[in-house]
Structure formats: C-alpha cells, structure tokens
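> Fold the following.
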Amino acid sequence: KLNDLKGIDKDKPFGMLVFLRPGLIPQPYPVSLVPVKNLSDLIGTVSNGPFKVKKIDDTHYDLVMDNNTIHALLVGDYAWLASEVDQLDFEFPHPGDFTKRLAARYDISFEFNLTSVPEGMKNIFLDFLRASTETSMQQRDGEPDAGYQLRRLNAMNSLDFLEQLILQGERLTFGLSVDPKTKRASIEADVQAKPDSGLSQLLQDVSARTSYFSSILREDTPLTFSMSWMMPPSNQKRLADFFETAEQEVASQLANAIAGKKFEEKPSAAPAATEVPKVASTGKPKRGGTGKPKKPKIPVPQPIKDVFDSLRATALTGHIDFFAQFAADSKSNGSPEFTLLGGAKVADGTKLASGLTEILKQIKDRPGLAALDFNIDTHKGVTFHRLLGSEIRRSDELMYGGKPALYIGLGSQAVWFAIGQPAALTQLKQVIDRVEAAPAARPSGSDRIPFQLTMHMKRWIEFGQANGEELQQEAIKQRDKALAAQQ
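Sure, this is the predicted structure:
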C-alpha cells in the first residue's frame, strides 16, 4: 500500500513545525515537512494511498482525498505540507539547519522554542495557570492535613518551575534515541534557559551534588530509579513546613492506633493559632495560603519528634537523594525471582534510627503485622529490623519468590530497605559495601543527572511469560473484590 515509501529520502529527518498565527490569542497551525529523493516516485507512492495528486505548477501540488485537500510546496529537497494555502506563503528555513542538532542526538524528538511565543500569550497562559492552581489547592472535605499539605507543596513547586520555564526558558526538548548495537533506548528531557537567568542558575544548582549512591546506579539490574536533586530555598522551606504538619498528624494517628499504650509525652509550647500570612499591599492571603488559621499544636512524643527532626534537617540541606533498584535471581523453574533494594540519604540518621525503632516497638502487636523482629543483624554501623505482613498478595509471592519480608536498615548516613526472601538481607549488605567503598571514579559534573530510570526488559519479559496467566487471574480476583467492596 505504501510502495516501500519510494521517493522519500530516508537518510534525512521528517517532521512537523507548529507556527502561531498572529492575533490577540495566537492560533497554532502545523506545517509538515517531508524529504524528497525522487519526485516521480513520491507522487506514485502518494497516489497508491487515498490521495489523488493534482499539479498546480512546478512547485505547488494538491493532495485531494474526498472533500479534504492538503497543499504541498516543493522547496529544494523538501516538500512542505499544510491544510491552508496561505500557511505555505512563508520563506521556510532549510530543515537541515534546525534539525541537525536534534537528529544527531535523537531518533524522535519534540522541541518547544519558547523564544518564539509572544510575551502576551505567555502571560495569559500563566494567569490561567495560576488561577487554576489556586482553585485546585483548596483543602477538600475530609482530606487529612498532611495529605493536603503534600498536594499543596507539589502544586506550588510545579507552578514556580513552570513560571520560570515559560518566562526564562529558551527551549524545552524531549528526545528518544535507540542504539541497535547495545539495544539501549534513552529518553531525555533537556531545558535551555536564558543566560544569567534565575532558571539558568536553578538548572545548574539542581544537579550540583553527586548522589551518595552513585557507585551502584549503573549496574545491570532489571530496574533502577534514582534522584539526586538540589532544591531551591523556597522548596526547602515548603518541605520543612510539610514535615511540621505531618508530625502533628502522625502523632495523632499513632495515639489512636495504639490500644492501651501511650508514649511518654513531653510537653512542648503550643503556639496560639495564627492567621495565614498576607500580602502587605493587598491584605490578601499569600499565594498558596490555606485561607484558614493554623490549628494549635498537640504535644509530640519524643520518638516521633526525633524522626521528624531528622527529616526537617534533611529538607534544609536541600538535597533529595535516594534510589530503588530491583535485583533478579532465577527460581528452580527458570523464571526470575526479584528483590527490591533501596536507600535514602538523611541528616542526623542516628536520631531518626532511635525514633523509628521506638515507634516500631509500639506498633509491633498491630493486626496487620505477622511478625516484627528487632536487631536481627548489624553491618557497617547499620542495624536491621524485619517486618512480615499478615496478608500477602499472590502477585507479590510470584514476584518475590514466596512470602516476602521487609528489611529496614538504620544507620547514621542513610536509611536502607529490602523486600524479598532471606537472601535480600545479604544483597542489601553487599549494596551498602559498594556504596561505602566510595570509588575514586565518581561521575563528573557534566554527568550528574538529577533523576533517571533505567530498565532492562529481558527479566520482566521472562517473568510475564512464566506467570502471565496466574497474574491475570489474580488481577481479576482483585477487581472483583474491589467491586464487591464498593457494592
């Protein structure tokens, strides 16, 4: 049907440009570009499809299908296609000039040239975005304070970044590249900011620090996700404020969850309720404010305070640094058995370890836990605890090779975890050894990536082939169970 795409030059890029028609609110319209190798062959290829080709003159053609017409303009070795004739009344740049950089790096890419968008249109869009965000940030009926604060934090951080990107960005590029030799596919997001702008400084600061876990992030595992992200001061403050709210909610929830037991409460000064900060010039609440007075604080047990003191200190370092990684072994039947390993860098890990251990002791008799074993092992200054759930889904048993356990490792530098069979603890110790070894060859500044997700598909495909039918049956059971609960 497509005549092997004869007439198209397959060694050159093809694609689409989206222009903005001038006006109060500029209207977008697309113009496609196709590289031409042989015009006669290309006309034959198009004619094999649903189109009839009508020649207007030596450079203009119409592609007619029923009542629709696509207009074509030949310029050099490219054909430009548009739905309206006047959309081709333009001195187009040669595609090689603006696709060379993208084609050299990516197989498929999308690039937004923000410098070509009128300032008025940017401001109209930002006003709409701000209004929508303010509306969505209102606390919903029955929404917990901590959940609301986390949602608000994410919305405010996203809004700040989008404002900087739209006003101070030059180009935003998304690209996919596939290497047929290594069988590796990569997806990148790349932002080019105006020189000496706040966004330019932000993008430099974001990847300013190498991950504590960098020595293990490039290993050949089925899946690795990592983040080493430096937050701007405004984001640090918002995250620290969120931990204040979360601390109060955890204290309240834990007090209700522990039947017949209470922590030894140490009284702390409870400040009077205060109103949301307001803008001096207008008297209105600051952007992102809740519009409601703060609730008076309740006394916080010392273990919970220790945990959140560590989290607040971590937030104020400005560095979010964690990873999660699947490792795979083979079962006796040859299908993969996975172990999930991970860790997060924390400030004042000793205080966090003390508080979290005490909290775990308080909940060890809860119905959802089959067993909670303390201090089962130590390694390199890390103490390990083990948790077993009372209800394990069949899909988890298939993935982890049986009923999995959660291993928590608490140290002065980081919090570690592993989910899997008993061998998971050994694997976690090996990961800690590799991280603590601190190899001399750390990634250079140009190789620091704020976040990345790496997946090797082979083991996942093997897992699906070996367990696909049972996983499908389990999914149906879970769906039926959820429907029954709804009814």
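> where in the stretch 251-400 of the chain is pLDDT low?
Along the stretch 251-400 of the chain, the parts satisfying pLDDT under 70 run over 257-296, 332-333, 368-369.
> tally of neighbours for residue 218?
Residue 218 has 12 neighbouring residues, counting by other CB atoms under 10 Å. Every C-beta, even on glycine, is put in place using the N, C-alpha and C of the backbone.
> secondary structure class for it?
In three-state terms, and counting by DSSP: H, G, I helix; E, B strand; the rest coil, residue 218 is coil.
> What residues does it make contact with?
The contact partners of residue 218, by CB atoms under 8 Å, 6 or more residues apart in numbering, come to residue 454.
> Show the model's pLDDT score for it.
pLDDT for residue 218: 74.
> now do residue 14
pLDDT, residue 14: 92.
> Just read off the phi/psi values of the closest residue to it other than its chain neighbours.
Spatial nearest neighbour of residue 14, excluding adjacent residues (CB to CB, 6 or more residues apart in numbering): residue 34 at 5.1 Å. Residue 34 adopts backbone torsions of phi -130, psi 130, taken as degrees, to the nearest 10.
> Check residue 381 too.
Main-chain dihedrals, residue 381, degrees, to the nearest 10: phi 80, psi 10.
> What is the distance between the longest helix along the chain and the centre of its chain?
Criterion DSSP state H: the longest helix present in the chain is helix 457-486. The chain centre lies 25 Å from the centre of helix 457-486; the measure is CA atoms, centre = their mean, to the nearest Å.
> That one - contacts with which helices or strands?
strand 336-345, helix 394-400 (3 or more CB pairs under 8 Å, 6 or more residues apart in numbering; DSSP states H and E).
> In it, which residues are buried?
Buried residues in helix 457-486, counting neighbours by 16 or more other CB atoms under 10 Å, are found at 459, 460, 462, 463, 466, 467, 471, 474.
> Same question for stretch 144-157.
Quick answer for stretch 144-157 (16+ other CB under 10 Å): 145, 146, 148, 149, 150, 152, 153, 155, 156, 157.
> Show the contacting residues for residue 314.
345, 346, 347, 348.
> Ok, residue 338 next?
222, 326, 327, 328, 399, 400, 401, 420, 459, 463.
> Adding distance to residue 76, write these out as CSV.
As requested, the contacts of residue 338 are exported to CSV (distance: CB to CB, whole Å):
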residue, distance to residue 76
222, 48
326, 50
327, 54
328, 52
399, 55
400, 59
401, 61
420, 60
459, 49
463, 51
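> could I get the buried residues of stretch 144-157 as TSV with secondary structure?
What follows is the buried residues of stretch 144-157, written out as TSV (three-state DSSP):
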residue	secondary structure
145	helix
146	helix
148	helix
149	helix
150	helix
152	helix
153	helix
155	helix
156	helix
157	helix
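> follow-up on the earlier one: tabulate the helices and strands packed on helix 457-486 in JSON lines, adding columns for distance to residue 5.
JSON lines is the format used below for the helices and strands packed on helix 457-486 (distance: least, CB to CB, whole Å):
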{"stretch": "strand 336-345", "distance to residue 5": "40"}
{"stretch": "helix 394-400", "distance to residue 5": "43"}
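> Nearest to residue 72, out of the ones you listed?
Among the helices and strands packed on helix 457-486, the nearest to residue 72 by CB to CB is strand 336-345 (51.7 Å).
> Pull the distance from the next helix or strand after that closest one to the chain's centre.
Next helix or strand after strand 336-345 toward the C-terminus (DSSP states H and E): helix 349-363. How far helix 349-363 lies from its chain's middle: 29 Å, per CA atoms, centre = their mean.
> Quickly run through the sheet partners of the next helix or strand after helix 349-363, with directions.
From helix 349-363 onward toward the C-terminus, using DSSP H and E, the following helix or strand is strand 369-379. Strand pairing for strand 369-379, using DSSP bridges, gives strand 382-389 (antiparallel).
> For the partner strand, could you pull out the residues that count as buried?
Buried, per 16+ other CB under 10 Å, within strand 382-389: 382, 383, 384, 385, 386, 387.
> orientation of that strand relative to helix 349-363 in degrees?
30 degrees (axes from the mean of the first three to the mean of the last three CA atoms, to 10 degrees).
> Let the chain start at 12 from now.
Let's use 12 as the start, then, which means that last one is strand 393-400.
> Give me the angle between strand 393-400 and strand 347-356.
130 degrees.
> Just the CA atoms of strand 393-400, as PDB, please.
Below are the C-alpha coordinates for strand 393-400, written out as PDB (Å, rounded to 0.1, in the frame of the first residue of the first chain):
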ATOM      1  CA  VAL A 393      23.700  -0.200  60.200                       C
ATOM      2  CA  THR A 394      21.100  -2.000  62.400                       C
ATOM      3  CA  PHE A 395      18.500  -4.200  60.700                       C
ATOM      4  CA  HIS A 396      14.900  -4.900  61.600                       C
ATOM      5  CA  ARG A 397      12.500  -7.300  59.800                       C
ATOM      6  CA  LEU A 398       8.700  -6.900  59.200                       C
ATOM      7  CA  LEU A 399       6.400  -9.700  58.000                       C
ATOM      8  CA  GLY A 400       2.900  -8.900  56.800                       C
END
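> now the stretch 112-261 of the chain, which segments are flagged as low pLDDT?
In the stretch 112-261 of the chain, no residues with pLDDT under 70.
> picking up where we left off before, output the contacts of residue 325 in JSON lines, with neighbour count and distance to residue 84 appended to each entry.
Rendered in JSON lines, the data for the contacts of residue 325 read as follows (neighbours: other CB atoms under 10 Å; distance: CB to CB, whole Å):
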{"residue": "356", "neighbour count": "21", "distance to residue 84": "57"}
{"residue": "357", "neighbour count": "24", "distance to residue 84": "61"}
{"residue": "358", "neighbour count": "17", "distance to residue 84": "61"}
{"residue": "359", "neighbour count": "16", "distance to residue 84": "66"}
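> quick one, strands of the stretch 112-261 of the chain?
119-124, 180-190, 195-204, 234-241 (DSSP state E, counting those that start in this stretch).
> okay, these, which one's buried deepest?
Among the strands of the stretch 112-261 of the chain, strand 234-241 has the highest mean neighbour count (mean count of other CB atoms under 10 Å), at a mean of 20.
> what's in contact with that one?
Under CB under 8 Å, 6+ apart, the answer for strand 234-241 is 216-225, 228, 329-337, 459-467, 471.
> Show me these that map onto helices.
216, 217, 471.
> List just the nearest of the residues you listed to residue 442.
Nearest member of the ones in helices among the contacts of strand 234-241 to residue 442, counting by CB to CB, is residue 471, at 20.6 Å.
> Touching, the closest one and residue 233? I think so.
Yes: assessed by CB atoms under 8 Å, residue 471 is found in contact with residue 233 at 6.1 Å.
> intersection of neighbour lists for those two?
In contact with both residue 471 and residue 233: residue 347, using CB under 8 Å, 6+ apart.
> Let's have the buried residues of stretch 155-168 in a markdown table, adding distance to residue 69.
Formatted as a markdown table, those follow (distance: CB to CB, whole Å):
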| residue | distance to residue 69 |
| --- | --- |
| 156 | 71 |
| 157 | 69 |
| 159 | 65 |
| 160 | 66 |
| 161 | 63 |
| 163 | 61 |
| 164 | 61 |
| 166 | 56 |
| 167 | 58 |
| 168 | 56 |
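> No more questions from me, cheers.
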